[in-house]
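Colleague: Dropping a prediction and its sequence here:
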Amino acid sequence: MNKEQEKKERVLLVGADVGQEDDFDRSMEELGSLAEACGMEVAGLITQKMGSINKAFYIGTGKVREARDYARDIEADLVVFDDALSPSQARNLSEELGLPVMDRTNLILDIFATRAQTSQAKLQVEYARLQYLLPRLVGMGEALSRQGGASGSKSSKGAGEKKLELDRRKIEHRLSELKKELEQISKGHQTQRKKRSGSRIPQVALVGYTNAGKSTILNRMVERYGGDAGKQVLEKDMLFATLDTSVRKIETGNHKPFFLVDTVGFIHKLPHDLVQAFRSTLEEVRDADLLVQVVDFSDPNYKQQMEVTRKTLEELGAGDVPMVYAYNKADLTDVDKLPKRRGDHLYLSAASGLGIPQLADMVQEKLYAGLKQASFLIPYEKGSIASYLCENAVVLRQEYREDGICLSLECLEQDAQRYGRYRMQA
């Protein structure tokens with residue numbers, strides 16, 4: 001590979017601060033990280049404080065000229081904007097700047113396209129990208145018309161405009177196909193969830209900002225309690241390292257198993273089209289019995305990231321699911337004597353394994369809270385009762401005796417009372 005091929009695309013970042021961001025500088029910093037995740041080189045930055053977004057150019061016309069001159073000076077290949085641009089804004093800016101333009105949404109879509117490995121993830125990303133592209137064909141008819149058709153043509157539509165309609169039909173047709181495929185995948189996920197639900201084993205979903213350490217926690221759990229290295233998932237220090245939902249059964253040996261689900265990470269201004277496209281994947285979050293919000297405690301902006309997670313969960317309809325908090329990477333902060341627990345909040349280091357057993361304990365406490373320890377002697381002719389208790393309680397010990405089945409277990413208070421006649425005295 002020669003030096004020309006190795007050269008990264010140089011980009012100029014542009015953002016408008018209209019006072020709606022809790023931390024505008026952080027938003028711009030994150031935009032730079034997204035650009036770098038796309039293999040780009042951030043060459044410059046321009047921001048503008050405004051009362052409202054310019055409907056035609058996003059930023060003011062004077063700032064557009066400044067951006068054009070600055071982009072030329074730093075030899076930028078592309079200009080990236082921090083917010084979603086309307087089709088007309090993107091077109092106007094490209095013409096004025098003389099360079100291709102992208103917005104944050106397009107940047108995130110590109111990252112997702114690069115990270116997608118499974119057929120499902122690729123379908124979801126394609127669906128989101130086409131949803132993004134479709135409205136951006138609007139307004140291109142005139143430009144396309146100038147590219148084809150004789151000036152004296154009597155047709156009311158130029159070749160470019162006809163091509164636009166053809167492209168639109170192709171996209172709409174492909175979206176329809178993708179929707180059907182994703183609906184089939186969603187049905188498959190629902191079937192799998194029903195099977196897991198039928199097992200009476202509760203489900204726990206890892207949620208949080210991208211690159212907070214969800215996959216690392218899953219892998220440490222599998223290492224400690226799963227015993228199968230082949231069941232580990234990709235963990236890497238990068239934005240959106242994993243896009244696919246992974247489910248692993250965790251058995252700690254105390255008869256309180258649970259399914260642990262790794263989910264796609266969230267980010268500030270996560271494109272709505274992506275949330276919709278990945279809805280079938282993210283349904284695992286909504287249907288969970290408990291959420292573990294994984295937080296990068298070493299990030300100075302972790303509180304803002306937690307707020308983004310909260311809002312995204314509400315959008316997914318998972319805002320009311322019970323939650324505990326895992327403050328990961330606490331070893332990179334001044335927190336001492338890890339792991340450290342305060343109620344439903346645990347400070348740990350997933351990379352080193354510090355706090356994994358304590359996290360498992362905290363999860364099990366929440367999942368199996370309210371269980372009462374009791375022993376029963378069930379006559380053999382009441383085998384259906386023994387089956388019910390085995391399926392709906394945590395069996396600690398089971399013994400077959402001459403007079404019946406002896407069960408020591410943890411069960412719901414209502415079951416302990418319901419079958420009180422079979423209870424054994426301590």
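Modeller: Ah, there it is. Residues are numbered from 1 along each chain as shown.
Colleague: where do the strands sit along the stretch 151-300 of the chain?
Modeller: Applying DSSP state E, counting those that start in this stretch to the stretch 151-300 of the chain gives strands spanning 203-208, 246-250, 258-262, 290-296.
Colleague: Comparing these by mean pLDDT, which bottoms out?
Modeller: Lowest mean pLDDT within the strands of the stretch 151-300 of the chain: strand 246-250, a mean of 86.
Colleague: buried sites along it?
Modeller: Across strand 246-250, burial judged by 16 or more other C-beta atoms under 10 Å covers Ser246, Val247, Arg248, Ile250. Using the backbone N, CA and C atoms, a C-beta is placed for each residue, glycine as well.
Colleague: between those residues, which is nearest Glu96?
Modeller: Nearest to Glu96 out of those is Ser246 (C-beta to C-beta; 45.4 Å).
Colleague: Who does that closest one form a beta bridge with?
Modeller: Ser246 has these beta-bridge partners by DSSP bridges: Asp262.
Colleague: Phe259 is in contact with that one, correct?
Modeller: No: contact criterion C-beta atoms under 8 Å: Ser246 and Phe259 do not qualify, at 10.5 Å.
Colleague: on that earlier part again, ok, which of the strands of the stretch 151-300 of the chain comes nearest Ala35?
Modeller: Closest approach to Ala35 among the strands of the stretch 151-300 of the chain (C-beta to C-beta): strand 290-296, 19.9 Å.
Colleague: Provide the strand pairings for that closest one, with the direction of each partner.
Modeller: strand 203-208 (parallel), strand 323-328 (parallel).
Colleague: can you list these in CSV and add mean neighbour count?
Modeller: Below are those laid out as CSV (neighbours: other C-beta atoms under 10 Å):
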stretch, mean neighbour count
strand 203-208, 25
strand 323-328, 24
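Colleague: before we move on, back to that, could the strands of the stretch 151-300 of the chain go into TSV alongside distance to Thr312?
Modeller: Converted to TSV, the strands of the stretch 151-300 of the chain look like this (distance: least, C-beta to C-beta, whole Å):
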stretch	distance to Thr312
strand 203-208	8
strand 246-250	19
strand 258-262	16
strand 290-296	11
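Colleague: biggest separation within the buried residues of strand 246-250, which pair?
Modeller: Maximum distance among those (C-beta to C-beta): 12.3 Å, for Ser246 and Ile250.
Colleague: quick one: stretch 105-112 to chain centroid distance?
Modeller: 13 Å (C-alpha atoms, centre = their mean, to the nearest Å).
Colleague: Tell me the buried residues in that stretch?
Modeller: Using 16+ other C-beta under 10 Å as the test for burial, stretch 105-112 gives Thr105, Asn106, Leu107, Ile108, Leu109, Asp110, Ile111, Phe112.
Colleague: Let me know the closest of the residues you listed to Tyr70.
Modeller: Leu107 (19.6 Å).
Colleague: shouldn't the closest one be in contact with Gly39?
Modeller: No: with contact defined as C-beta under 8 Å, Leu107 does not reach Gly39; the gap is 11.3 Å.
Colleague: what's the neighbour count on Lys187?
Modeller: For Lys187, the neighbour count with other C-beta atoms under 10 Å is 11.
Colleague: what pLDDT does it get?
Modeller: At Lys187, the pLDDT value in this model is 79.
Colleague: Run through the residues that contact the nearest residue in space to Lys214 that is not next to it in sequence.
Modeller: Excluding the flanking residues, the one nearest Lys214 by C-beta to C-beta, 6 or more residues apart in numbering is Leu206, at 4.1 Å. Residues in contact with Leu206 (C-beta atoms under 8 Å, 6 or more residues apart in numbering) are Lys214, Ile217, Leu218, Leu260, Val261, Asp262, Thr263, Leu291, Val292, Val294.
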